[in-house]
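Predicted model follows, preceded by the sequence.
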Amino acid sequence: MPTKKVFSVIFLVFLIAGCAVAPVRPVLKEDLHVPSGKIEGNQFIGIRYPFNVSAPPNWKMTTEFADFLEDLGYDKPCSTDKEQTELYIFNPLTQSNLQIDFSPANPRFVASQGGMEALVSMGASSLKQEWEKEGVRVETGPTEAVTLRGVQYAANKYVTYPLNGVKREQGWVYGFSEPYQIFILYMILEKEGAKDREVLNVILDSFEVLGK
């Protein structure tokens, strides 16, 4: 599926884009034996990384990869993958989903709002090109600055396209909060009666990077 290829390419670009010649921050050492966080009810409380987020009770939160995501085009992370997603949030009925990856930024990465917007635009453009090779008509949404609590820079962009009779909205929110990079990937599968788009906004409104 195009989704797998595009996400891999854009993730790599994020790691090298905007890099300075000399390091701008020390290497942030992680203790990967410490859990990324804990889930209490419908709230995720960060432990290894300082972020919290909540979701409605009818959505599911888990730190484990859900099998249906592979059918939607996402790669299942390897057990040794240090960049794997910390949190998956999804609607079990519609399979609309959101994935949060929160990890140390490259020591040479220089963040800016323009850089975040360029990266989400690149993600949308790459996915559009890949799906259109498959004969799928893709519409591109606007590039927008996003306000996330405790986040210095963040941007959002999405594409919409029909697949197997279902309209999908697939989007990217990329952000930076010194010294962390933030990837929020989401997919909304439009189902009759569902209000997943509104729920996504509620979840993003609850996202917060905590102070040191």
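Received the coordinates, thanks.

which one is the most centrally placed residue in the chain nearest to, not counting chain neighbours?
Residue closest to the average C-alpha location in the chain (CA atoms, centre = their mean): Ile184, at 1.7 Å. Closest residue to Ile184 apart from its sequence neighbours, by CB to CB, 6 or more residues apart in numbering: Val173 at 3.9 Å. No exception for glycine: its C-beta is placed from N, CA and C like everyone else's.

sec struct for the one you found, please.
strand (DSSP: H, G, I helix; E, B strand; the rest coil).

Return the residues in contact with it.
120, 146, 148, 154-156, 182-186, 204 (CB atoms under 8 Å, 6 or more residues apart in numbering).

Quick check: next helix or strand after the lowest-mean-pLDDT helix or strand in the chain?
For the chain, counting by mean pLDDT, DSSP states H and E, helix 2-16 ranks last in confidence among helices and strands (a mean of 52). Later in the chain than helix 2-16, the nearest helix or strand by DSSP states H and E is strand 37-40.

In helices only, show me the contacts of Val173.
Applying DSSP state H to these, the entries found in helices are 120, 204.

Just put the contacts of Val173 in CSV and tack on distance to Asn106.
As requested, those are exported to CSV (distance: CB to CB, whole Å):
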residue, distance to Asn106
Val120, 18
Val146, 21
Leu148, 20
Ala154, 18
Ala155, 18
Asn156, 22
Ile182, 14
Phe183, 13
Ile184, 19
Leu185, 19
Tyr186, 24
Leu204, 25
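
Looking at neighbours, which among the contacts of Val173 is most surrounded?
When neighbours are counted by other CB atoms under 10 Å, Ile184 leads the contacts of Val173 with 26 neighbours.

For that one, give me the pLDDT.
pLDDT, Ile184: 94.

Kindly provide the distance from it to Ile45.
Distance, Ile184 to Ile45, by CB to CB, to the nearest Å: 17 Å.
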